[in-house]
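1. Okay, sequence plus prediction incoming.
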Amino acid sequence: MGCDRSCGLITGAAIGAVLAVFGGILVTVGDMLVEKTVKKEAVLEEGTIAFKNWVKTDTRVYRQFWIFDVQNPEEVAVHSSKIKVKQRGPYTYRVRYLAKENITQDSENHTVSFLQPNGAIFEPSLSVGTEDDTFTILNLAVAAVPHLYTSSFIQVILNSLIKKSKSSMFQNRTLKELLWGYTDPFLNLVPYTVATTVGVFYPYNNTADGVYKVFNGKDDISKVGIIDTYKGKKCLSYWASYCDMINGTDAALFPPFIEKTRVLEFFSSDICRSIYAVFIAEMNLKGIPVYRFTLPSLAFASPLQNPDNHCFCTEKIISKDCTLYGVLDISKCKEGKPVYISLPHFLHASPEIAEPIEGLSPNEEEHSTYLDVEPITGFTLQFARRLQINILVKPAKKIEALKNLEHNYLVPILWLNETATIGDEKAAMFIDQVTGKINLFRLVQIILRSIGTVMFLAFMISYCVCQVKC
């Protein structure tokens, strides 16, 4: 009987050991199955989960605008006072609701090319007012004259047209005019052919961004979504050296199996450059574990703080020999117009840049850009892309509307938050099809290993006790 008992204990221990080993094997096998499935479904080709969501997202994407309404236009124009602004918003539009067009697969190079149509639909229920709300803002056409026409003779001629059109440094415009365009009275008088329609985002509706050509991941999943060319080029021709390169994806997705140490690179045509985000925290988004990546302050730092940014400094006067930080001159990709971008309220910018402006209050929570990425698939499930549009205004003695200015102003026009979050139904589907199955498989692994280990130890201890008593 003692032998039978010993044999039973040994058998129990053996079963436990087998379960523990089987659980361990499942870890390797399970990871291989997960990797195989993700590699299949993350490819940008007809029939995959990634392709379906990539062609046309089911998630609603909104672009919210806050306008900087100038409170003291006369004081600024006459006495070169500080500009007092009052933020008004949000005014919300639905964007990115149109499917990608001209999708063309290249089986030889494993790429797919496409156009991204632009469209914006006003959402009254998500806005504080209507598109007819009026704001006092900088006169975009007048402010651009000294930058586009440096000749004093030309400036004198244009000044007469500015006066004739009764234009000044500031103007009143509706939201719709400011964003999407209006016929400028001063430009309408110019006797030679110039574009007379002005707007921060003009033209936008019925236009398209691209052509993009990206890797589809068919031959190498680590390249999926990465941009090969933009408008037929691998570089932008706006910046010097490596700053001009088109790096990463468009941020809608990234190559799968993301580690926290990875730097996520992506290209944005809105800011005319490639940029990057770094990991800051693990988050739970509607039951889905995600990694939050954010744009670090180093991305906007001066070359003194971050030498890698030296080729983004294109002028020496406003930047004070590239020592100021937090703003980027993108005039080269805006046909010479003095457009500068920054984070909202000059977050992470040199204090002296915002010094001539009253009414700003930057804070990290409201004004930083972040991406919430599901690390196994590389899909971006939530994001907030925040950006401020500024215009450089400088004194011009030949332009009456600008002649009283005593120094340069970097005038904030508006800031935007383009944001999207995976919907509840889509999140439930994602959990069911992706993370739920992976978590269940891993739970089975843990249970088998735990039960097996406990059984092995318990039966072996009992066997040893039994042998001692014998």
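-> The structure has been received and is ready for your questions.
2. so where does the closest residue in space to residue 139 that isn't next to it in sequence fall, helix or strand?
-> Of all residues not flanking residue 139 in the chain, residue 171 sits nearest, at 4.5 Å (CB to CB, 6 or more residues apart in numbering). For the C-beta atoms, the positions are set from N, CA and C on the backbone; glycine is no exception. Assigned by DSSP states H and E, residue 171 belongs to strand 170-174.
3. For residue 143, which three-state class applies?
-> helix (DSSP: H, G, I helix; E, B strand; the rest coil).
4. Mind listing the strands the host helix or strand of residue 91 pairs with, and their directions?
-> Taking DSSP H and E as the criterion, residue 91 maps to strand 83-95. Sheet pairing for strand 83-95, assigned by DSSP bridges, gives strand 61-70 (antiparallel), strand 120-122 (antiparallel), strand 357-358 (parallel).
5. Distance from the last one to the middle of the chain?
-> If I follow you right, that is strand 357-358. Centroid separation for strand 357-358 versus its chain: 27 Å, with CA atoms, centre = their mean, to the nearest Å.
6. ditto for the second one
-> In this view, strand 120-122 has its centroid 20 Å away from the chain centroid, taken as CA atoms, centre = their mean.
7. what distance separates the helix or strand that it is followed by from the middle of the whole chain?
-> Note on strand 120-122: by DSSP H and E, the next helix or strand toward the C-terminus is strand 134-138. Relative to its chain's centre, strand 134-138 lies at 27 Å (CA atoms, centre = their mean).
8. Please work out the average pLDDT along strand 134-138.
-> Mean pLDDT, computed over strand 134-138, is 98.
9. outside of that strand, which residues touch it?
-> Contact with strand 134-138 is made by 67-71, 73, 88, 169-175, 178, 391, 393, 411, 413, as judged by CB atoms under 8 Å, 6 or more residues apart in numbering.
10. So what's the residue count around residue 114?
-> By other CB atoms under 10 Å, 21 other residues sit near residue 114.
11. Identify the residue spatially nearest to it, adjacent ones excluded.
-> Going by CB to CB, 6+ apart, residue 114 has residue 100 as its nearest residue, at 4.3 Å.
12. Does the one you found touch residue 118 like I think?
-> No: with contact defined as CB atoms under 8 Å, residue 100 does not reach residue 118; the gap is 11.8 Å.
13. returning to what we had before: looking at the strands paired with strand 83-95, which is buried most?
-> Highest mean neighbour count of the strands paired with strand 83-95: strand 61-70, a mean of 22 (counted as mean count of other CB atoms under 10 Å).
14. Quick one: name whatever helix or strand follows that one.
-> Next element after strand 61-70 (DSSP H and E): helix 73-79.
15. Buried residues, that following helix. List them.
-> Buried residues in helix 73-79, counting neighbours by 16 or more other CB atoms under 10 Å, are found at 73, 76-77.
16. Leaving out chain neighbours, which residue sits closest to residue 239?
-> residue 311 (5.4 Å).
17. Surely the one you found touches residue 244?
-> Yes: Residue 311 is within contact range of residue 244, at 7.5 Å (criterion: CB under 8 Å).
18. between the two, who's got more neighbours?
-> When neighbours are counted by other CB under 10 Å, residue 311 and residue 244 differ, and residue 244 comes out ahead with 17 against 13.
19. Identify the residues contacting the more buried one.
-> Residue 244 sits next to 235-238, 311 when contact means CB under 8 Å, 6+ apart.
20. Give me the distance between the two termini of stretch 92-99.
-> For stretch 92-99, the first-to-last residue distance is 20 Å (CA to CA, to the nearest Å).
21. thinking residue 370 is in contact with residue 278, fair?
-> No: using CB under 8 Å, residue 370 is not in contact with residue 278, being 10.5 Å away.
22. what sits in contact with each of the two?
-> Common neighbours of residue 370 and residue 278, using CB under 8 Å, 6+ apart, are 293-294.
23. Between the two, which is the more surrounded one?
-> When residue 370 and residue 278 are compared on other CB under 10 Å, the one with more neighbours turns out to be residue 370, at 19 against 15.
24. contacting residues for the more buried one?
-> Counted by CB under 8 Å, 6+ apart, residue 370 has contacts 277, 280, 292-295, 383-384.
25. let's go with 7 Å and repeat that
-> Residue 370 sits next to 292-294, 383-384 when contact means CB atoms under 7 Å, 6 or more residues apart in numbering.
26. measure it to residue 184 for me?
-> Separation of residue 370 from residue 184 (CB to CB, to the nearest Å): 37 Å.
27. What are the contacting residues of stretch 61-78?
-> 81, 83-96, 120, 123, 126, 135-137, 168-170, 175, 178-179, 401, 404, 412-420.
28. Just want the phi and psi numbers for residue 410.
-> phi -100, psi 100 (degrees, to the nearest 10).
29. An error on my part: the question was meant for residue 323.
-> Dihedral pair for residue 323: phi -100, psi -20, per degrees, to the nearest 10.
30. Can you report how many residues neighbour it?
-> Neighbour count for residue 323, taken as other CB under 10 Å: 13.
31. where in this structure is pLDDT low?
-> Counting by pLDDT under 70, the chain has low-confidence residues at 1-34, 435-470.
32. So which residue is dead centre in it?
-> The centre of the chain sits closest to residue 385, judged by CA atoms, centre = their mean, with a distance of 4.3 Å.
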